[in-house]
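[1] below is the sequence, then the predicted model.
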Amino acid sequence: VRLLPHLDLLTRVATTSAQRDAAAKPLRAGLVVGALGVVFGDIGTSPIYTVQTLFNPGNPHQVPITEANVYGVVSLIFWSVMLIVTLTYVTLVMRADNDGEGGVMALITLVRRLGGRSSPRLVGMLCTLGVLGSALFFGDSMITPAISVLSAVEGLKLLDPRLAAFVVPITAIIITGLFAVQRRGTAAVGRFFGPVMIVWFAVIALCGVRAIVAHPQTLGALSPIYAWDFAAGHVGVAFFALAAVVLAVTGAAALYAALGHFGRRAITWAWLGLVLPAVVLSYFGQGALLLDD
């Protein structure tokens, strides 16, 4: 209740963003493709390791593979993606841009600029949260490339266990190459990786559909009741499972951070039109595979 007088700050942010959207340039397909190549490389590759981490027998906090747990975990992943990425970032946070720029530092600047008539205590609290968010974003940026690439290259061990010794060297080479290309700028990265990510999302979506067709009952996990029953009925297991479920939304901050490069509409179209359906189908397909075997 004490914060209600300060809601004019949020109102002014939303109004300013709406005015800019009305005067925005027409949406171009190239921006959408570029956004796919730059923005969604992290969250788009989360299906490689999220479900595996949860049900991996080598995990000391492994979730037992039962039908109820599979439904609960898939439902928990789905609703985490919908609430954190679609609702929080795409619907709300991306509207709070600083002259078209996004990212945590832009948000701090926006709060200081528009908070002149607000309580200094409120502005100070929001800036402190912004600094904390910056620290979390830097930490995520450091560990995510290693986790994503390493998880992908580890697939070589499934083809031939003798390749295990080459996993780390290959990962190091790929990451070095990626950063060498990245310094050429966002446009070059987007042009190269955009088509690659389109193929990637199409493949994981088709794989998910194939598994779902064999076990269509998996779609029942769309109900949040399964996520609630899993969290409430297995508190100890669910607590540690959340540490892995959050892997499904790593990279969500990139949507806001890349706002100045591609614009809100291009990122929104890319997310709703391709990325979200593809990752959701992949997670449900993996759930179906677990029910089958």
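    Perfect, I can see it now. Numbering: from 1, shown residues only.
[2] quick one: Arg113 from Ala188, how far?
    32 Å (Cβ to Cβ, to the nearest Å). Using the backbone N, CA and C atoms, a C-beta is placed for each residue, glycine as well.
[3] hmm, I typed the wrong one, I wanted Ala231.
    Relative to Ala188, and taking Cβ to Cβ, Ala231 is found at 43 Å.
[4] which of these two has more neighbours?
    A count of neighbours by other Cβ atoms under 10 Å puts Ala231 above the other of Ala231 and Ala188, at 18 against 14.
[5] would you mark the buried spots in the helix or strand where that one lies?
    In the assignment (DSSP states H and E), Ala231 maps to helix 224-233. For helix 224-233, burial by neighbour count (16 or more other Cβ atoms under 10 Å) applies to Tyr226, Ala227, Asp229, Phe230, Ala231.
[6] ends of stretch 84-97, how far apart?
    18 Å (Cα to Cα, to the nearest Å).
[7] what's the answer for stretch 77-89, then?
    16 Å.
[8] so which other helices or strands are in contact with the helix holding Ala231?
    helix 67-80, helix 235-245 (3 or more Cβ pairs under 8 Å, 6 or more residues apart in numbering; DSSP states H and E).
[9] which other residues reach that helix?
    Under the contact criterion Cβ atoms under 8 Å, 6 or more residues apart in numbering, helix 224-233 has outside partners 68-69, 71-76, 78-79, 220, 238, 241.
[10] nearest to Leu178, of the residues you listed?
    Of all these, Phe78 has the smallest distance to Leu178: 29.4 Å, by Cβ to Cβ.
[11] return the set of buried residues in the host helix or strand of Met142.
    Met142 is part of helix 120-153, with elements assigned from DSSP H and E. Within helix 120-153, the residues that qualify as buried are 122-123, 126-127, 130, 133, 137, 140, 144-145, 147-153, counting by 16+ other Cβ under 10 Å.
[12] how about the helices in the stretch 151-293 of the chain?
    For the stretch 151-293 of the chain, applying DSSP state H, counting those that start in this stretch gives helices covering 156-159, 167-182, 186-214, 224-233, 235-245, 253-257, 259-262, 264-270, 276-292.
[13] just how off-centre is stretch 157-164 within its chain?
    29 Å (Cα atoms, centre = their mean, to the nearest Å).
[14] centre of the chain to stretch 255-266, how far?
    Worked out by Cα atoms, centre = their mean, stretch 255-266 lies 14 Å from the chain centre.
[15] what sits up against it?
    17, 21, 24, 27-28, 31-32, 34-35, 38-39, 85, 89-90, 93-95, 97, 100-104, 106-107, 137, 186, 267, 271.
[16] end-to-end on that stretch?
    10 Å.
[17] equivalent analysis for stretch 208-219, please.
    Termini of stretch 208-219 sit 11 Å apart (Cα to Cα).
[18] for it, buried residues please.
    In stretch 208-219, counting by 16+ other Cβ under 10 Å, buried: Gly208, Ala211, Ile212, His215, Thr218.
[19] give me the mean pLDDT for stretch 211-220.
    Across stretch 211-220, pLDDT averages out at 92.
[20] list of residues touching it?
    70-71, 74, 226, 281, 284-289, 291-292.
[21] just the buried members of these?
    Val70, Tyr71, Val74, Tyr226, Leu281, Phe284, Gly285, Gln286, Gly287, Ala288, Leu289, Leu291.
[22] how about the fourth one: what's its closest non-neighbour residue?
    Pointing back at Tyr226 there. Ser75 (3.9 Å; Cβ to Cβ, 6 or more residues apart in numbering).
[23] any idea how many residues pack against that neighbour?
    For Ser75, using other Cβ under 10 Å, the count is 25.
[24] tell me which residues touch it, please.
    By Cβ under 8 Å, 6+ apart, the neighbours of Ser75 are Ala221, Leu222, Ser223, Pro224, Ile225, Tyr226, Ala227, Phe230.
[25] adding distance to Val196, write those residues out as TSV.
    Below are the contacts of Ser75 laid out as TSV (distance: Cβ to Cβ, whole Å):
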residue	distance to Val196
Ala221	29
Leu222	30
Ser223	34
Pro224	34
Ile225	38
Tyr226	34
Ala227	32
Phe230	35
